[in-house]
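Trainee: this one's sequence-less:
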């Protein structure tokens, strides 16, 4: 089976860099090319929605940009190389929510209550407004509305390269409280903990979803993402009277949202 290999050094604003080879099994990519996740129809939907969103967010985006610049030192936008479709690297754009770090200072992963997050950054992160510039990445075809979360190459799984990274996705909703989970991990252990415990679960969830995704399932993901962003305290689950089942994750008993019990789990 032919394999596409790419290796490129990635340097980020917070000093994280590494030569990371990306392996992509070409036949597996071609095999799934007829699915909704890689269809021309989905690309058309991505283009139209991202174009409308960029026009609608023009004025709010300018206000956010000015607030970021006047409340902390540094650029208004955060730019970082991420792993994309077929392992290609692209530049991801966000509104900057963290202090500009010196090279090599601080972990690459972000935890809840991270001291590097600015005051305005906490608000933007809570309602996901820092990710508005990513609609530009969607418009360019580097990302999709729904797909695996865009990651640094060092954190990307092999299956992430089979699809365009998304603004949101199945695993993104499942791990919406990821920063709170990482809060209990020592800074020196963040990378190893993520690699061993979180990365495999997220990669499997996204891959299983993307293989069977449809227009309607993507619409549900988008709706739940908007709902969770507008009402962060509720999370990804819709409010229901009956109590959801409880499961153990990483040794802790957690509530499992009924809205995420889909045929893709």
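Mentor: That came through, no problem. Worth saying up front: this structure is predicted, and the values here are computed from it rather than measured. Numbers count the residues shown, from 1 in each chain.

Trainee: ok, now which ones touch the closest residue to residue 147 other than its chain neighbours?
Mentor: In this structure, residue 147 finds its nearest non-sequential neighbour in residue 166, 2.9 Å apart by C-beta to C-beta, 6 or more residues apart in numbering. In this view, the C-beta of every residue, glycine as well, is placed from N, C-alpha and C. Going by C-beta atoms under 8 Å, 6 or more residues apart in numbering, residue 166 touches 143-150, 172.

Trainee: give me that answer again for 10 Å
Mentor: Going by C-beta atoms under 10 Å, 6 or more residues apart in numbering, residue 166 touches 37, 46, 134, 138, 143-150, 172, 206, 210, 218, 221-222, 225.

Trainee: Residue 201 against residue 207, yeah?
Mentor: No: assessed by C-beta atoms under 10 Å, residue 201 is found out of contact with residue 207, at 11.1 Å.

Trainee: Now for the two: what residues contact both?
Mentor: residue 171.

Trainee: which of those two has more neighbours?
Mentor: Taking other C-beta atoms under 10 Å, residue 201 and residue 207 do not tie; residue 207 has more neighbours (19 against 14).

Trainee: where does the nearest residue to that one once chain neighbours are set aside fall, helix, sheet strand or coil?
Mentor: In space, and not counting its chain neighbours, residue 207 is closest to residue 159: 4.2 Å by C-beta to C-beta, 6+ apart. Using DSSP: H, G, I helix; E, B strand; the rest coil, the structure places residue 159 in helix.

Trainee: Without its sequence neighbours, what residue ends up closest to residue 175?
Mentor: Closest to residue 175 by C-beta to C-beta, 6+ apart is residue 202, at 6.0 Å.

Trainee: Give me the secondary structure label for the one you found.
Mentor: helix.

Trainee: Next: residue 145.
Mentor: strand.
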